[in-house]
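Visitor: I'd like to go over a predicted model; first the sequence, then the structure.
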Amino acid sequence: MTATMPRLGAMMFLQFFIWGAWFVTLGTYLVSGPLQASASQVATAFLSQSVGAIVAPFLVGLIADRYFAAQRILALLHLAGAALMWGASTATSFPAFAGFVFGYMLLFMPTLALANSVAMRHMQSPEKQFPPVRVAGSIGWIVAGLLIGWLGWEQTRSLELTFRMAAIASAVLGLYALTLPHTPPLARERDAKLGEILGLDAALHLLRSRAYLVFFLASIAICIPLSFYYNFTNPFLNDVGVRGAAGLQSLGQMSEVLLMLAMPFLFVRLGVKVMLAVGMAAWVLRYVMFAFGDADAGFALLVIGIVLHGICYDFFFVTGQIYTDARAGQAFRSSAQGFITLATYGVGMLIGTFLSGAVVEHYTTEAGPDWQQIWLFPAGVAFVVLVAFLFLFHDRPAAPPAAAAPH
């Protein structure tokens, strides 16, 4: 079991290196690159993530939990995705580019739940073993950002190379996944039921708990402001004159790594509600920092806002994955992870993606975007979600996440 952890860590490294290699600078490539996209088109491209996330629980519930080994499906999706990612780098029009990216994200988003499932199935104590393995994913994202900054692809407007770098890494992970520990489907021996195949059984099982229902709705709502960060932070930093913005943004993943290592200690002592609430509060603070920061006297505010990513992501999303795994139980783990992916990267960011494009266009004039007003909008949304969560979420101590193999 101990020897398996480094292998799972390598899987996570490649999984998130691929994502970070192109996703961070996507908005800048679309706005400043050869496609000259509008804010609405940027939002449309990012919409591919949400569509893929909505499809993910169906694919994972239909295939990984029932018919095929999870690591083999992971391999197939990454190998096919490599071809689509390379195609995106060659697209000369926005419709063609969007087609490649939408196709790619339909394949990539299910791999997030699959990678989690592969990891969790080979851990005896996920609440202690998962955070260090997941740290390798954060390191992969960091390496991708630093590499883009070091190569100067933002300054030389060579961001099409980010897609090719992601394509190569995706092919590597596709081959590597075939060597991962065998992760057979848990449900093979059972008679197929429609609700089970579509992941509806996992959803009904989880949402039976009032506390989980509140968490589920909060997950959707907090991902509305999250879309603003993913879609427009890199264009914002480049627009205000920050050099090597992708490299600077990797500071967020560096803080994520440090906090991820502390997750087992913090999780036991703070509990689910405090961890989730602190994560949401960090989103409010981050957007306020962005609203009043700039590349000169306010540069420190930008840095603080980026560094807050560790709290934003680990305290809410990683805690949410652990909480979901605890509530799901062994029979629904893969489907449950796909289900929470649907809530966050699917429904929540679908709404947020449409909204972020509309808000940026609303506050953009001939002089350019009014970034202060743009960032104050998601700050306000995150604050409302935080207050509602604090009043409504009451988890039952009878089923603490740490006692049920969290994810």
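Guide: Arrived safely, thanks for sending.
Visitor: How about the contacts made by the residue nearest the centre of the chain?
Guide: Taking C-alpha atoms, centre = their mean, the centroid of the chain lies closest to Tyr345, which sits 6.6 Å from it. Contacts for Tyr345 (C-beta atoms under 8 Å, 6 or more residues apart in numbering) come out as Gln49, Ser50, Gly52, Ala53, Ala56, Met109, Leu112, Cys223. (C-beta placed from N, C-alpha, C; glycine too.)
Visitor: what do you get if the cut-off is 6 Å, keeping everything else the same?
Guide: Residues counted as contacts of Tyr345 (C-beta atoms under 6 Å, 6 or more residues apart in numbering) are Gln49, Ala53.
Visitor: roughly how far apart are it and Gly152?
Guide: The gap separating Tyr345 from Gly152 is 30 Å, by C-beta to C-beta, to the nearest Å.
Visitor: what's the answer for Phe232, then?
Guide: In terms of C-beta to C-beta, Phe232 sits 22 Å off from Gly152.
Visitor: And the two? Which one has more around it.
Guide: Phe232 (28 against 13; other C-beta atoms under 10 Å).
Visitor: For that one, give me the pLDDT.
Guide: Phe232 is assigned a pLDDT of 89 by the prediction.
Visitor: And the helix or strand encompassing it, what does it pack against?
Guide: In the assignment (DSSP states H and E), Phe232 maps to helix 210-239. Here helix 210-239 touches helix 26-32, helix 245-292, helix 349-362, helix 371-392, going by 3 or more C-beta pairs under 6 Å, 6 or more residues apart in numbering; DSSP states H and E.
Visitor: Need the contact partners of the third one.
Guide: Meaning helix 349-362. Here helix 349-362 makes contact (C-beta under 6 Å, 6+ apart) with 39-40, 43, 46-47, 50, 223-224, 227-228, 231, 374, 377.
Visitor: filter the residues you listed to the buried ones?
Guide: The neighbour-count test (16 or more other C-beta atoms under 10 Å) marks Ala39, Ala43, Phe46, Leu47, Ser50, Cys223, Ile224, Ser227, Phe228, Asn231, Ile374, Phe377 as buried among those.
Visitor: And the next helix or strand past the helix-or-strand element of the chain with minimal mean pLDDT?
Guide: Ranked by mean pLDDT, DSSP states H and E, the weakest helix or strand in the chain is helix 194-197, scoring a mean of 54. Note on helix 194-197: by DSSP H and E, the next helix or strand toward the C-terminus is helix 200-207.
Visitor: mind listing what's buried in that next one?
Guide: Buried, per 16+ other C-beta under 10 Å, within helix 200-207: Leu200, Asp201, Ala202, Ala203, His205, Leu206.
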